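> the following block contains a protein sequence and its predicted model.
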Amino acid sequence: MAIDEMVRTGIPASVIMAQAIIESNAGISKLARITNNHFGIKCKDYWEGGAYYHPDDDRDKNGTLIPSCFRKYETIRDSYTDHSDFLTTTLNYRPLFIFDKTEYKSWAEGLEMCGYASDEQYAEKLIRTIELYGLHDLDFFTIKYVERSDVSPAGDTGATQE
């Protein structure tokens with residue numbers, strides 16, 4: 001899914017995967033399990049999909065912690081697609097798209113500067129995760145669909161064995 005989204009939008013697959021790992025605790029966080037939200041994306045005023053309220057970092061006018069509204073998805077794929085759409089359509093993240101899909105360090109630092117997360121060490125955590133798991137290798141994948149006329153739908157090449 002990360003490679004599909006990289007091909008579609010130019011966001012490095014390594015960054016997508018590192019964000020999903022960090023934001024969802026590798027897919028086992030309560031938010032990820034209940035809502036399929038693997039990127040910690042909050043509802044925002046314009047969100048029209050499902051919602052789930054969970055304490056995070058939002059506070060009322062008195063400074064009291066209040067539940068934050070997180071986006072809820074039907075599938076994990078929906079979460080990945082919405083994450084890419086969120087980054088590509090939110091003006092705050094537009095500066096990131098000057099970077100090539102192989103520049104994961106610039107993307108990580110840019111996400112932190114653009115305020116994706118409140119964690120002041122967010123870029124460092126993304127970069128460390130990418131390098132620990134070798135996720136930067138994903139940034140060099142391309143998806144090529146090759147139409148072949150010499151292969152039948154069942155995979156039979158028509159060759160006979162002698």
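Yep, it's here.

> contacts, neighbours, all on C-alpha from now
Fine.

> who's in contact with stretch 93-111?
Outside of stretch 93-111, the residues within contact range by CA atoms under 8 Å, 6 or more residues apart in numbering are 6, 10-15, 87-88, 114, 117, 122-124, 126-127, 136, 139-140.

> 7 Å instead, please
With contacts defined as CA atoms under 7 Å, 6 or more residues apart in numbering, stretch 93-111 is touched by 10, 11, 12, 14, 15, 87, 88, 114, 123, 126, 127, 139.

> name the member of these with the most neighbours.
residue 14 (32 neighbours; other CA atoms under 10 Å).

> what packs against the lengthiest strand in the chain?
Longest strand in the chain, counting residues (DSSP state E): strand 50-59. Contact here means 3 or more CA pairs under 7 Å, 6 or more residues apart in numbering; DSSP states H and E; on that basis strand 50-59 packs against strand 65-72.

> show me which residues of the strand it packs on are buried.
68, 69, 70, 71, 72 (16 or more other CA atoms under 10 Å).

> hmm, back to that, adding distance to residue 103, write the contacts of stretch 93-111 out as JSON lines.
Putting those into JSON lines (distance: CA to CA, whole Å) gives the following:
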{"residue": "10", "distance to residue 103": "11"}
{"residue": "11", "distance to residue 103": "10"}
{"residue": "12", "distance to residue 103": "8"}
{"residue": "14", "distance to residue 103": "10"}
{"residue": "15", "distance to residue 103": "10"}
{"residue": "87", "distance to residue 103": "16"}
{"residue": "88", "distance to residue 103": "17"}
{"residue": "114", "distance to residue 103": "16"}
{"residue": "123", "distance to residue 103": "13"}
{"residue": "126", "distance to residue 103": "13"}
{"residue": "127", "distance to residue 103": "11"}
{"residue": "139", "distance to residue 103": "9"}
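
> re earlier: could you give the angle of the longest strand of the chain to strand 65-72?
Here the directions of strand 50-59 and strand 65-72 differ by 150 degrees (axes from the mean of the first three to the mean of the last three CA atoms, to 10 degrees).

> sheet partners, orientation included, of strand 50-59?
Applying DSSP bridges, strand 50-59 is found paired with strand 65-72 (antiparallel).

> got the CA positions of the strand it pairs with in CSV?
Provided in CSV are the C-alpha atoms of strand 65-72 (Å, rounded to 0.1, in the frame of the first residue of the first chain):
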residue,chain,number,x,y,z
LEU,A,65,-7.5,17.5,28.4
ILE,A,66,-10.5,16.5,26.3
PRO,A,67,-11.0,13.6,23.9
SER,A,68,-9.7,14.3,20.4
CYS,A,69,-11.7,13.3,17.3
PHE,A,70,-9.9,10.8,15.1
ARG,A,71,-10.9,9.7,11.6
LYS,A,72,-12.3,6.2,11.4
